[in-house]
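S.K.: no sequence for this one, just the structure:
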């Protein structure tokens, strides 16, 4: 059974067709990359999967471990094991990083029937994970994403992913705004979480990120549907010839 | 001309002062109380008092034996108590050296009265009525060079149905002195008309926290007039949560160079409450800074009003005036009004203002929900942060938690009904 199954997804925004029958199947242990030019529907796809209001499917369906997501709100999807790393992580003035993480982790633990972590246990756990992500204690004490650099924001996203241990992670343009060093740290963080039980979908514009997070499958998204799928070599083709050649050929 | 010829309150105020001489400040003040402000007056358009003219209200005769119900919230604070608008020395603390409380005589009261009448609070109903009806004007003086380290806690209580209460406090901080004062308004159902005159002399510094938590049937029309001299610093925060109708109006005059003013506030309104923060800041000299951050959270059929006027005089170059107001509506029937007013005559100034009224930010809500946090918890987290943020920025560290807890009580009341 696929971990994530998207079946013929169609979605309109402001009466404009954005997703036009997108299908994708992601199994355990796999990393999929979805590449596409600007305006191809990449961010819409990630919001649709995460359950953002206004991004409901017109037709088609999405399943997480065989369970339909159509009637689930964003928070239920997340508790069920879906994670979205934001392209632009949102600033939350006044919301402390540590208490935010704890609330999120305990929501998921409660759902899984695990005991909620008390303050002390949580601090210990988060410090352990944070140090691997080069996230300093001081950053966890600050308000979420407020005054964070581009690199810090993305590191904090991946830290959340590590703490929440999702089944399926969608990484939306995680490489945007990162320099080479930051890209390496973030990619290492993602790679450390790859295992046989979960899956990762990397949504990206450039091939660059895929040098660090090497995918098993690459899909080209254009004008709301996947026009070509292949192995990592497809990403190199994009790098060499651009999207135009592939789109015209399709 | 009378706003309403049958306004009994105007008659009872006149009765109240009938025993005084014509030239007494009380008589002078009562002569100027001719009507309640009309909704045609710009600053009262959004906060209408029409209903008061139809009520049978009379000025309270303070009961000096009345039992008190409000306890101190701070260990070791110096307490000053007003009951029914009258100072209760028997229930107040002995003040530390360098500070004193006095009841002003006729002559000093008249001076105090004229200071109000020379300000733009001259037509505020509390100015005219409370100078007429206050049991006495109480003056708190902090002597030159004295830094008060004890927390001063002023508790106002008393009042009753169909009675009006008139505490009047004059605070003078002499050169280089400093103090932190917490004021708590805890009246029973009544019309409360507090007057406050604050004078900060050269290099004086005052932190002021006001918590309006009167009974849910009461009206509070607080009028505050503040004068800042050279290099003085006034840092004020108001938390409005009580009363049926609470309006805190503050006029601040920056009269000496290099002084600094913060007039921040929060209103938390539910049911059919009407809360109003009105301020006027007058930059009359160069090189001063003023900052205002106001936030509101509203549920039920509540109404919130923020009116903030900043006037920068022609000579007041290098003024830095900032103003920002934000209100979150949790109910479709709640209303928030924001009216920033900038009047700038100088040309070399930095003045900024912004006002937003809306629901909880969609992006923020989605971000929290995408982490598995339920909508209810996410909203609670965001609103709490919205308040935590401004409280931490506005209030001295040692009392931040107290203010936050006071806000949280009112907030949970609003949230439990709306989310």
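M.R.: That came through, no problem. In this text, all values refer to a predicted model and were calculated from it rather than measured experimentally.
S.K.: is any residue of stretch A:174-191 near chain B?
M.R.: No. Stretch A:174-191 is not in contact with chain B by C-beta under 8 Å from any C-beta of the partner chain; minimum separation 14.7 Å. Any C-beta I mention is one placed from the backbone N, CA and C, and that applies to glycine too.
S.K.: can you pull the buried residues of that stretch?
M.R.: A:174, A:175, A:178, A:182, A:183, A:185, A:186, A:187, A:189, A:190 (16 or more other C-beta atoms under 10 Å in any protein chain shown).
S.K.: distance of residue B:40 from chain A?
M.R.: Applying C-beta to the nearest C-beta, to the nearest Å, the value for residue B:40 to chain A is 40 Å.
S.K.: circling back to that earlier point, which of the buried residues of stretch A:174-191 fall in helices?
M.R.: A:182, A:183, A:185, A:186, A:187, A:189, A:190 (DSSP state H).
S.K.: out of those, which is nearest to residue A:12?
M.R.: residue A:190 (31.9 Å; C-beta to C-beta).
S.K.: where does the stretch 1-150 of chain B have low pLDDT?
M.R.: B:1-6 (pLDDT under 70).
S.K.: tell me which element residue A:46 falls in.
M.R.: helix A:42-50 (DSSP states H and E).
S.K.: again, but for residue B:248
M.R.: Here residue B:248 is assigned to strand B:245-254, by DSSP H and E.
S.K.: who does that strand touch, helix- and strand-wise?
M.R.: strand B:205-212, strand B:219-228, strand B:233-240, strand B:260-269, strand B:274-283 (3 or more C-beta pairs under 8 Å, 6 or more residues apart in numbering or on different chains; DSSP states H and E).
S.K.: closest to chain A out of those strands?
M.R.: Proximity to chain A (C-beta to the nearest C-beta) singles out strand B:260-269 among the helices and strands packed on strand B:245-254, at 12.7 Å.
S.K.: the chain: helices as residue ranges?
M.R.: Answering for chain A, as no chain was given. For chain A, applying DSSP H gives helices covering A:42-50, A:74-79, A:97-112, A:119-132, A:137-141, A:150-164, A:180-192, A:208-212, A:233-249.
S.K.: nope, chain B
M.R.: With DSSP H as the criterion, chain B has helices at B:8-17, B:25-31, B:50-53, B:106-117, B:125-133, B:362-369, B:375-394, B:397-418.
S.K.: pick the most deeply packed of these.
M.R.: Neighbour counts (mean count of other C-beta atoms under 10 Å in any protein chain shown) averaged over each of the helices of chain B peak at helix B:125-133, with a mean of 26.
S.K.: distance of the residue positioned nearest the centre of chain A relative to residue A:64?
M.R.: Centroid-nearest residue in chain A, with C-alpha atoms, centre = their mean: residue A:170, separated by 2.0 Å. Distance check for residue A:170 against residue A:64: by C-beta to C-beta, to the nearest Å, it reads 11 Å.
S.K.: near chain A, which residues of the stretch 251-400 of chain B are found?
M.R.: B:362-364, B:366-375, B:377-378, B:381-382, B:384-389, B:392.
S.K.: which one is the residue nearest to the spatial centre of chain B nearest to, not counting chain neighbours?
M.R.: The centroid of chain B falls nearest to residue B:248 when counting by C-alpha atoms, centre = their mean (3.6 Å). Closest residue to residue B:248 apart from its sequence neighbours, by C-beta to C-beta, 6 or more residues apart in numbering or on different chains: residue B:222 at 4.6 Å.
S.K.: pLDDT value on the one you found, please?
M.R.: The model reports residue B:222 with a pLDDT of 98.
S.K.: now residue A:140
M.R.: pLDDT, residue A:140: 90.
S.K.: and it, what is it in contact with?
M.R.: A:96, A:97, A:98, A:101, A:126, A:130 (C-beta atoms under 8 Å, 6 or more residues apart in numbering or on different chains).
S.K.: what residues sit buried inside stretch B:65-82?
M.R.: Applying 16+ other C-beta under 10 Å to stretch B:65-82 flags B:70, B:72, B:73, B:77, B:78, B:79, B:80, B:81, B:82 as buried.
S.K.: which one, of the helices of chain A, ends up nearest to residue B:346?
M.R.: Nearest of the helices of chain A (C-beta to C-beta): helix A:150-164, 39.6 Å.
S.K.: what does that closest one contact?
M.R.: Applying C-beta under 8 Å, 6+ apart, the contact partners of helix A:150-164 are A:78, A:83, A:85-86, A:89, A:97, A:101, A:104-105, A:108, A:125-126, A:129-130, A:132-135, A:139, A:144-145, A:148, A:169, A:174, A:177-179, A:181-182, A:185-186, A:189-190, A:192-193, B:371-372.
S.K.: among the residues you listed, name the buried ones.
M.R.: A:78, A:83, A:85-86, A:89, A:97, A:101, A:104-105, A:108, A:126, A:129-130, A:133-135, A:139, A:144-145, A:148, A:169, A:174, A:178, A:182, A:185-186, A:189-190, B:371-372.
S.K.: distance check, the closest residue to residue B:269 other than its chain neighbours against residue A:88.
M.R.: What sits nearest to residue B:269 in space, not counting adjacent residues and going by C-beta to C-beta, 6+ apart, is residue B:302, at 3.5 Å. Separation of residue B:302 from residue A:88 (C-beta to C-beta): 34 Å.
S.K.: go on, residue B:399?
M.R.: For residue B:399, the distance to residue A:88 equals 37 Å [C-beta to C-beta].
S.K.: quick check, the residue in chain A closest to chain B?
M.R.: Closest point on chain A to chain B, by C-beta to the nearest C-beta, is residue A:94, at 3.0 Å.
S.K.: export the ones in helices among the buried residues of stretch A:174-191 to CSV and tack on pLDDT?
M.R.: Putting those into CSV (pLDDT from 0 to 100) gives the following:
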residue, pLDDT
A:182, 88
A:183, 91
A:185, 90
A:186, 91
A:187, 94
A:189, 92
A:190, 94
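S.K.: kindly reformat these as TSV containing distance to residue B:106.
M.R.: Below are these laid out as TSV (distance: C-beta to C-beta, whole Å):
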residue	distance to residue B:106
A:182	73
A:183	78
A:185	75
A:186	75
A:187	80
A:189	76
A:190	79
